[in-house]
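> Only the shape, not the letters, is given here:
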């Protein structure tokens, strides 16, 4: 699929670890403003793809282009992960990676401060720009906690949060980096049905209200089908199908490789 306004363009990406091919000639486009889901069985290469998109892994072949705006293109392959994040790509992880000894507010503030320019000298001398950035980061952190409905947990240690709250805190911290695209790696893992519903509503709001493109890996097919406008299906490191939720549900290759593995998936 080609797009007149892509935010990600992935072309012929191959990633190998020794004799194991994790991604095999993977190509995909994500449109700006789209909720795109990447699905597939365990070991299909989904997280490897995310790691390539964020600069963590360096593929041996292919190209990845990120378009933070319609007129700007950034090559991801070979760019350090923190540079990718600064360009406007944020992500969460399969397993929670909070700073457990810090409060929810402090965790979000770390994300907000990722783009700030204050150096050690400015911090020590409390220069005017330092004071301005400190005020902004405090205000923005409170706004994000309110946005993800965690204001009542502002001073709670991250280690004490229920699992659903930890997932929303991860998203708030990612939003603090002011991303153009948000990569969510199994955000619903470990959550209960009510937490899944609240999470789906939050992801939809981030997309529609904030205009942030969403790239989603998720095993919960009901959640995926309710959110994604389009799906890419990986199996054994390669793309086997792409299309709308209905097209994917009816695709015999997908049913065999993934959706047919669970009664829930076809409901």
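Good, I have the coordinates. The structure displayed is predicted, hence computed values, not measured ones.
> And the helices in this protein?
Per DSSP state H, the chain carries helices over the ranges 46-53, 81-87, 104-112, 120-125, 128-147, 163-175, 193-210, 221-227, 245-249, 252-257.
> so which of the ones you listed gets nearest residue 66?
helix 81-87 (6.2 Å; CB to CB). Placement of C-beta: from N, CA and C, glycine included.
> just to revisit the earlier point, would you turn the helices of the chain into JSON lines with mean pLDDT and mean neighbour count?
Formatted as JSON lines, these follow (pLDDT from 0 to 100; neighbours: other CB atoms under 10 Å):
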{"stretch": "helix 46-53", "mean pLDDT": "96", "mean neighbour count": "23"}
{"stretch": "helix 81-87", "mean pLDDT": "93", "mean neighbour count": "16"}
{"stretch": "helix 104-112", "mean pLDDT": "93", "mean neighbour count": "23"}
{"stretch": "helix 120-125", "mean pLDDT": "52", "mean neighbour count": "10"}
{"stretch": "helix 128-147", "mean pLDDT": "86", "mean neighbour count": "16"}
{"stretch": "helix 163-175", "mean pLDDT": "93", "mean neighbour count": "23"}
{"stretch": "helix 193-210", "mean pLDDT": "95", "mean neighbour count": "16"}
{"stretch": "helix 221-227", "mean pLDDT": "92", "mean neighbour count": "19"}
{"stretch": "helix 245-249", "mean pLDDT": "92", "mean neighbour count": "16"}
{"stretch": "helix 252-257", "mean pLDDT": "85", "mean neighbour count": "16"}
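> Tell me which of the ones you listed sits nearest to residue 6.
Of the helices of the chain, nearest to residue 6 by CB to CB is helix 46-53, at 13.0 Å.
> same for the closest one, what does it pack against?
strand 6-17, strand 20-31, strand 35-39, strand 61-69, strand 181-185, strand 213-217 (3 or more CB pairs under 8 Å, 6 or more residues apart in numbering; DSSP states H and E).
> want to throw those strands into a markdown table with mean pLDDT?
Converted to a markdown table, the helices and strands packed on helix 46-53 look like this (pLDDT from 0 to 100):
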| stretch | mean pLDDT |
| --- | --- |
| strand 6-17 | 96 |
| strand 20-31 | 96 |
| strand 35-39 | 96 |
| strand 61-69 | 96 |
| strand 181-185 | 96 |
| strand 213-217 | 96 |
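> Not counting sequence-adjacent ones, nearest residue to residue 51?
Nearest non-adjacent residue to residue 51, counting by CB to CB, 6 or more residues apart in numbering: residue 57, 4.1 Å away.
> do you know how far that neighbour is from residue 46?
Going from residue 57 to residue 46 by CB to CB, to the nearest Å gives 13 Å.
> and if you look at residue 232?
9 Å.
> next one: residue 73
In terms of CB to CB, residue 73 sits 25 Å off from residue 46.
> just residue 184 next, same as before
Relative to residue 46, and taking CB to CB, residue 184 is found at 11 Å.
> Spit out the residues that contact the two alike.
Both residue 184 and residue 46 are in contact with residue 217, where contact means CB atoms under 8 Å, 6 or more residues apart in numbering.
> coming back round to it: nearest to residue 31, of the helices of the chain?
Of these, the one closest to residue 31 (CB to CB) turns out to be helix 193-210, at 11.9 Å.
> elements contacting the closest one?
strand 35-39, helix 163-175, strand 213-217, helix 221-227.
> tell me, how many neighbours does residue 243 end up with?
The number of residues packed near residue 243 is 16, by other CB atoms under 10 Å.
> List the residues that contact it.
Here residue 243 is in contact with 230-231, 251 (criterion: CB under 8 Å, 6+ apart).
> Quick check: chain neighbours aside, which residue is closest to residue 196?
Using CB to CB, 6+ apart, the closest residue to residue 196 is residue 188 (5.0 Å).
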